[in-house]
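>>> Starting from these lines, generate the structure:
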Amino acid sequence: MRWPQTKLVTALVAVAFTTASPGHSDIQYPMSAATQCSLPGFVSNLSSDAEVYLPGSAQFDRFSERWSNLETPIVNITILPATDDVVKIVGAADKCNIPFLAYNGLHGSITTLGRMDWGIAINLRKLSGVTIAADGQTATIAGGTNSKVVIDELWAAGKQTVTGTCECVSYLGPALGGGHGWLQGHYGLMADQFVSLNIVLADGTLQTIDANSDLWWAMKGAGHNFGIVTSATIKIYPRTLTNWAIETLMFTGDKVKALYQAANDHLLRNGTQPADLINWSYWFNLPEVDPNNPIIAFYIIQEGVSVVDPAYTHPFRALSPLSATPNNGSYLDLARWVGISLDAPPCQNTGTANPRFPLYLPAYNATAQQEAYALFASATNASESSPFANSLFMFEGYPTQGVRGVSSASTAYAFRGRDNNLLVAPLVQYMPTDAARDREAAELGNRLRGILQGGSGRAEMHAYVNYAYGDEDLEGWYGHERWRRERLGKLKRKYDHRGRFSFYAPVV
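Model (predicted):
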């Protein structure tokens, strides 16, 4: 077990915490505790709207819990800041040498977070809101705003932008690592929408940065390493097409090779997948359909139509799926259609470990897909009581025109070329028990990823940092060119030489 430092333990012992009210106004401070580095002194400068929670309270558990319980950060105090409280928290923590970590929605599961073994959780959920500029060309998004809030607020105003696909993630968490989204074929990544950022740096100073700052490059792909963004002004676009359609096809595993070869031939088409077309698929166990092998859910999504063009669906219907279900609606329906809406199982905190092992691919290697499927099926077999029976293999095929339209050298996000058309990731879900189980899960995830990487013919790993497991190297997260590593290191030394922001995929 990792034990917290004496400094904060002493402060916690000196404080009586009252759980009757969510705010910190009910914490009773002894008169003798007056220094800034004691807990009373630390929180006394916060606004009256800030909330402070200590271990032993239901609120502490609620606001410090993680979506994935593998190598979770250990914190001794959770603060929900309001207004300019982030500046005060970071400034005081820097002076007092107390570690801190921003919490901002679900799905951050990288194992490097486990390096935090004491300190402060800064939960940004109170910093939520969307303000659309009078000219309708930009919007300012508060730092803790949920992706669904952004989607709904903009949609209601006749606008849209690139957001994360999953409704329960924050807007800014994915954006700082690049950020994939349904609309990226038109507009690029989430990070490509940044106009300016209000950011609290490691020393507690608040700065507004834009393309004139040397830090701008790093924030668009490696932003987790340089500060806490309290708000972002982003590009928004008119909502010109309101209708979307989907075809959901279910297959048994014997179709895996033919299915993914068809995806190459009829959807990806050597990196020319249309900007209005998306293909996704999942492998998962559904014992009532097949008790021994995972089934494949394959989604073809098209913008601006009421029925997906038969030119895209007919090659897959010809493979005799278990079912083929068309549906239509609007952009607001996409997350629900693919099972990642707020009320869907992937958006719940259930106590499980949820490590992912991401990889970018140029295309599907149908033979490698078949080999990976066989391993996934044997390792997750529910009928044999596998601890990994609830695991999921994700395949995300977004259009890439908008992503490739931005110069790769212009951002810390590096993987924009035609050889990164697909984002794939096994999600090995299990109830954590001991280190041996964790190692078994890691071995499985890396074996699955290794099969697909081997099938790509590419020696170097390209991994999406927002899905990262944690054992990937720096180049795998941020690009293999030497100048990228050197530029990130130089900026880190300039803006965070003490390494305050070093728990999420650190750049040094």
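
>>> and the closest residue to S386 other than its chain neighbours, what is it in contact with?
Setting aside the residues directly before and after it, S386 is nearest to T380 in space (CB to CB, 6 or more residues apart in numbering), at 5.2 Å. Every residue, glycine included, has its C-beta placed from N, CA and C. Contacts of T380 were listed using CB atoms under 8 Å, 6 or more residues apart in numbering, and they are 285, 294, 386, 388-391.

>>> Walk me through the domains of this structure.
The record's domain parsing of the chain by automatic domain parsing lists 6-123, 130-238, 244-478.

>>> I'd like to know which helix or strand in the chain has the lowest mean pLDDT.
helix 6-13 (a mean of 40; mean pLDDT, DSSP states H and E).

>>> thinking again about what came up before, backbone phi and psi for the residue nearest to S386, please?
As for T380, its main-chain torsions (degrees, to the nearest 10) stand at phi -120, psi 20.

>>> P426 versus that one, what's the distance?
Distance of T380 to P426, given as CB to CB, to the nearest Å: 9 Å.

>>> Identify the contacts common to the two.
Between them, T380 and P426 share the contacting residues S391, judged by CB under 8 Å, 6+ apart.

>>> What is the nearest of the contacts of T380 to Q193?
S391 (32.7 Å; CB to CB).

>>> Let me know how buried F284 is, in neighbour terms.
Summarising burial for F284: neighbours were counted as other CB atoms under 10 Å, giving 19.

>>> Tell me both backbone torsions, phi and psi, for it.
Here the main-chain torsion angles of F284 (degrees, to the nearest 10) amount to phi -160, psi 160.

>>> mind starting the numbering at 611 from now?
That works, and once the first residue is 611, the last one we named lands at F894.

>>> How about it: what's its closest non-neighbour residue?
Counting by CB to CB, 6+ apart, the nearest residue to F894 once its immediate chain neighbours are dropped is L1002, at 5.0 Å.

>>> burial count for the one you found?
By other CB under 10 Å, the burial measure for L1002, its neighbour count, is 22.

>>> Then G914?
Here the neighbour count serves as a burial measure; for G914 (other CB under 10 Å) it reads 11.

>>> Tell me if I'm right that it and N853 touch.
Yes. With contacts defined as CB atoms under 8 Å, G914 counts as touching N853 at a distance of 6.3 Å.

>>> can you pull out the strands in the stretch 661-810 of the chain?
Secondary structure of the stretch 661-810 of the chain, counting by DSSP state E, counting those that start in this stretch: strands at 661-663, 687-690, 710-713, 730-733, 740-742, 748-752, 769-770, 804-810.

>>> Including mean pLDDT and mean neighbour count, could those go into CSV?
Formatted as CSV, the strands of the stretch 661-810 of the chain follow (pLDDT from 0 to 100; neighbours: other CB atoms under 10 Å):
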stretch, mean pLDDT, mean neighbour count
strand 661-663, 96, 23
strand 687-690, 96, 25
strand 710-713, 96, 25
strand 730-733, 96, 24
strand 740-742, 98, 16
strand 748-752, 98, 22
strand 769-770, 98, 20
strand 804-810, 98, 22
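
>>> Ok, which of those comes nearest A885?
Proximity of the strands of the stretch 661-810 of the chain to A885 was assessed by CB to CB; the nearest stretch is strand 769-770, lying at 14.1 Å.

>>> which strands and helices sit next to the closest one?
Here strand 769-770 is seen to pack against strand 847-848 when contacts are counted using 3 or more CB pairs under 8 Å, 6 or more residues apart in numbering; DSSP states H and E.

>>> Parallel or antiparallel, which strands does the helix or strand that the strand it packs on is followed by pair with?
Per DSSP states H and E, the first helix or strand lying C-terminal to strand 847-848 is strand 854-861. Partner strands for strand 854-861, per DSSP bridges, with pairing direction: strand 905-913 (antiparallel), strand 933-939 (antiparallel).

>>> Strands of the stretch 861-1010 of the chain, residue ranges please.
Taking DSSP E, counting those that start in this stretch as the criterion, the stretch 861-1010 of the chain carries its strands at 887-894, 905-913, 933-939, 969-971, 1002-1007.

>>> Would you mind giving those strands as TSV with mean pLDDT and distance to D1029 added?
Compiled in TSV, the strands of the stretch 861-1010 of the chain are given as follows (pLDDT from 0 to 100; distance: least, CB to CB, whole Å):
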stretch	mean pLDDT	distance to D1029
strand 887-894	98	18
strand 905-913	98	23
strand 933-939	98	31
strand 969-971	98	8
strand 1002-1007	98	14
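
>>> how about those strands, which one is nearest G666?
Between G666 and the strands of the stretch 861-1010 of the chain, the tightest spacing by CB to CB is seen for strand 1002-1007, at 34.6 Å.

>>> ok, that closest one: who's next to it in the sheet?
Here, using DSSP bridges, strand 1002-1007 pairs with strand 887-894 (antiparallel), strand 1032-1037 (antiparallel).

>>> Next SSE downstream of the shortest one?
Scanning forward in sequence from strand 1032-1037 by DSSP H and E, the next helix or strand is helix 1045-1066.

>>> Please enumerate residues in contact with that following helix?
So helix 1045-1066 is contacted by 680, 963, 965-969, 971-972, 975, 977-979, 981-982, 985-986, 989, 997-998, 1003, 1034-1036, 1038, 1040, 1042, 1071, 1079, 1081 (CB under 8 Å, 6+ apart).

>>> Just the buried residues of those.
Buried members of those, scored by 16 or more other CB atoms under 10 Å, are 680, 963, 965-969, 971-972, 975, 978-979, 981-982, 986, 989, 997-998, 1003, 1034-1036, 1038, 1040, 1042, 1071, 1079.

>>> related to what we said a few turns ago, out of the strands paired with strand 854-861, deepest packed?
Greatest average neighbour count among these goes to strand 905-913 (a mean of 22), per mean count of other CB atoms under 10 Å.

>>> Let me see the residues that make contact with that strand.
Contact with strand 905-913 is made by 792, 851, 854-863, 865-866, 869, 873, 877, 886-896, 899, 918-919, 922-923, 926, 931-932, 944, 947-948, as judged by CB under 8 Å, 6+ apart.

>>> Just the buried ones among the residues you listed, please.
Buried residues within these, defined by neighbour count using 16+ other CB under 10 Å: 792, 854-861, 863, 865-866, 869, 873, 877, 886-895, 918, 922-923, 926, 931, 944, 947-948.

>>> How about A1035: which residues does it bridge to?
Beta bridges link A1035 to M1004, judged by DSSP bridges.

>>> Test my guess that it contacts S1001.
No. Here A1035 lies out of contact with S1001, judged by CB under 8 Å, at a distance of 11.0 Å.

>>> remind me which residues of the chain are low pLDDT?
Under the criterion pLDDT under 70, the flagged ranges of the chain are 611-646.

>>> buried stuff in stretch 996-1016?
By neighbour count, and taking 16+ other CB under 10 Å as the criterion, the buried residues in stretch 996-1016 are 996-1014, 1016.

>>> swap in stretch 949-961?
For stretch 949-961, a neighbour-count test (16+ other CB under 10 Å) marks 949-951, 956-957 as buried.

>>> Any chance of CSV for these, columns distance to L1098?
Conversion of the buried residues of stretch 949-961 to CSV gives the following (distance: CB to CB, whole Å):
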residue, distance to L1098
G949, 35
I950, 31
S951, 35
P956, 31
C957, 32
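
>>> Let me know the closest of those to G798.
The closest of those to G798 turns out to be I950 (CB to CB; 21.4 Å).

>>> Please name the nearest non-neighbouring residue to the closest one.
For I950, ignoring the flanking residues on the chain, the nearest one in space by CB to CB, 6+ apart is C776 at 4.2 Å.

>>> And for D886?
When the adjacent residues along the chain are set aside, D886 lies closest to E913, with 4.0 Å between them (CB to CB, 6+ apart).

>>> any idea how far the one you found is from G795?
Distance from E913 to G795, counting by CB to CB: 9 Å.

>>> Need the residues touching each of the two.
886-887.

>>> so who does V1013 touch?
V1013 neighbours (CB under 8 Å, 6+ apart): 794-795, 798-799, 802, 1026.
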